[in-house]
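Novice: sequence first, then the predicted structure:
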Protein chains: 2
Amino acid sequence: MTDDTPKTPRKRQARGEKRIAELLDAAAEVFAEEGFKGASTNAIAARAGASPGTLYQFFRNKEAIAEALVARYVERLREAHGEAFDIEVSKLPLDEMLDRMLDPLIAFDRANPGFYVLLSDPHVSPELAGAKRPAQKLMLERIDRILEARAPGLTAEERGLTAEMAVHLFRGVLPMIMAAEEDELPRVSAETKRALRAYIAPIIGED
Amino acid sequence: MTDDTPKTPRKRQARGEKRIAELLDAAAEVFAEEGFKGASTNAIAARAGASPGTLYQFFRNKEAIAEALVARYVERLREAHGEAFDIEVSKLPLDEMLDRMLDPLIAFDRANPGFYVLLSDPHVSPELAGAKRPAQKLMLERIDRILEARAPGLTAEERGLTAEMAVHLFRGVLPMIMAAEEDELPRVSAETKRALRAYIAPIIGED
DNA sequence: ACTGAATACGAGTAAATGCTCGTATTTAAA
DNA sequence: TTTAAATACGAGCATTTACTCGTATTCAGT
């Protein structure tokens, strides 16, 4: 058994971590503007004020950048999800429940414009597609559990379809949510909730 | 005034038209698989069994291929739209109206898998983005008119928002519709109609 | 059969892209 | 102060890409 703290361990991480964050910020912008294929690593490095060599000191390749970016998004999203999909919300009246679920998601998506672009870009590598799947699966499971708590009569299949439909309905409206000016947002947001409420209410036996 | 039918007019179009169709078929596949930026013109030519030179005999550049492809889709879609958004549907009961509107759209999207991929790819050139806008605008206007016929009490603003929401809700569910096996389709299709019905019914004062 | 335009080819070009590498600088620890 | 790893640079390489061009073949009309 040797000492697992090496004699000369990794040194300065403060500088490196900062660079990584800068590079990911730049990558988020370029990916959002150009898509995964359209984004060039040189452009990402340049926007971060770094050289290509520096970029490749921290990321194996272009895909690793996207992976790290997705990981960062997923981590940030976990908090929003924590609020949105807390099982406690299933005890609230439907309107309040939708507020509690959708408001954090809307806020997150608007605060992270690159997230939805990258996550919904179908032209990423299979590995990257795999990286975002667990997050989506987790979301579906949490919605499933909330549906189960609210409507125990539903079959597992019905719950699955309903959860998937709800997610897709929301995703469909996301472009409107993203494009809305600050003063239009309440209107769009309310309409989104109305739509989801109308869809879900008869399923969970509430009107 | 000279004769506007030239002495030696364009000759063989049968061969050329066929090649163009083949190239567009190939382009539809490659664009769908790789996206606009990811698709290479050489790959498109190769898949059509043609050489790059032949491709550039018919298309000025890569973007012109996408433009022609969109034009072809839009033309084909016009028929489906003709059915879907016939003002006559506004006289039908809501359920039948939704059948009449959504069934042709669903059939079209499933018959033309490349359509929705290309149309929803945000990383195309501005010119191409402009090419698809008229079709979308027309669709919104037709829905607007149907809403007006059914619910004369609505303000123009309310109709606009409702039409846009409805389109986005449908588009959100499209991935499910595209991914569904033939035997799952009726279930997904019915659920889509349920969702849209639930959203629209209270607006047009029907339940 | 002859002509010329339409169609076809595919090697080739200039530019861009992902990524490397040799080298220089900064910094935490000895 | 010395040392060595971490960080940084940017010219450059190999590959890919959109697109060209010189040339060859197919056809419609005469």
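Specialist: That came in fine, so what should we check first? Numbers count the residues shown, from 1 in each chain, chains lettered A, B, ... in the order given.
Novice: from now on I want contacts and neighbour counts done on CA atoms only, so please keep to that.
Specialist: Noted.
Novice: could you chop chain A up by domain?
Specialist: Domain assignment for chain A, taken from automatic domain parsing, gives A:12-59, A:69-200.
Novice: could the ones you listed be laid out in CSV, adding mean pLDDT, distance to residue B:141 and mean neighbour count?
Specialist: Below are those laid out as CSV (pLDDT from 0 to 100; distance: least, C-alpha to C-alpha, whole Å; neighbours: other C-alpha atoms under 10 Å in any protein chain shown):
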stretch, mean pLDDT, distance to residue B:141, mean neighbour count
domain A:12-59, 94, 29, 17
domain A:69-200, 91, 17, 17
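Novice: right, and these - which one's nearest chain B?
Specialist: Closest to chain B of those, according to C-alpha to the nearest C-alpha: domain A:69-200, at 3.5 Å.
Novice: near DNA strand D, anything from the closest one?
Specialist: No: Domain A:69-200 lies apart from DNA strand D when judged by C-alpha under 7 Å from any atom of the strand; the minimum separation is 13.3 Å.
Novice: over to stretch A:30-42?
Specialist: No: shown here: stretch A:30-42 not in contact with DNA strand D (C-alpha under 7 Å from any atom of the strand), separated by at least 8.0 Å.
Novice: mind saving the C-alpha coords of that stretch as PDB?
Specialist: C-alpha atoms of stretch A:30-42 as PDB (Å, rounded to 0.1, in the frame of the first residue of the first chain):
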ATOM      1  CA  VAL A  30     -20.200  29.300 -29.800                       C
ATOM      2  CA  PHE A  31     -22.100  26.000 -29.600                       C
ATOM      3  CA  ALA A  32     -25.400  28.000 -29.200                       C
ATOM      4  CA  GLU A  33     -24.600  30.200 -32.200                       C
ATOM      5  CA  GLU A  34     -23.100  27.600 -34.500                       C
ATOM      6  CA  GLY A  35     -24.200  24.200 -33.300                       C
ATOM      7  CA  PHE A  36     -21.900  21.400 -32.400                       C
ATOM      8  CA  LYS A  37     -20.500  20.800 -35.900                       C
ATOM      9  CA  GLY A  38     -20.400  24.400 -36.800                       C
ATOM     10  CA  ALA A  39     -18.400  25.400 -33.800                       C
ATOM     11  CA  SER A  40     -14.700  25.500 -34.300                       C
ATOM     12  CA  THR A  41     -12.300  24.800 -31.400                       C
ATOM     13  CA  ASN A  42     -10.200  27.700 -32.500                       C
END
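Novice: OK, now which residue of chain A is nearest to DNA strand D?
Specialist: Chain A approaches DNA strand D most closely through residue A:53 (2.7 Å), counting by C-alpha to the nearest atom of the strand.
Novice: state the helix or strand in which that residue lies.
Specialist: helix A:52-58 (DSSP states H and E).
Novice: any residue of the following helix or strand past that helix up close to chain B?
Specialist: Downstream of helix A:52-58, the next assigned helix or strand under DSSP H and E is helix A:62-84. No: contact of helix A:62-84 with chain B is not found when judged by C-alpha under 8 Å from any C-alpha of the partner chain; the minimum separation is 14.5 Å.
Novice: tell me the pLDDT at residue A:7?
Specialist: The model reports residue A:7 with a pLDDT of 44.
Novice: actually, residue A:11.
Specialist: The predicted local confidence for residue A:11 is 61.
Novice: which residue does chain A bring closest to DNA strand C?
Specialist: For chain A, C-alpha to the nearest atom of the strand, closest residue to DNA strand C: residue A:40, 3.0 Å.
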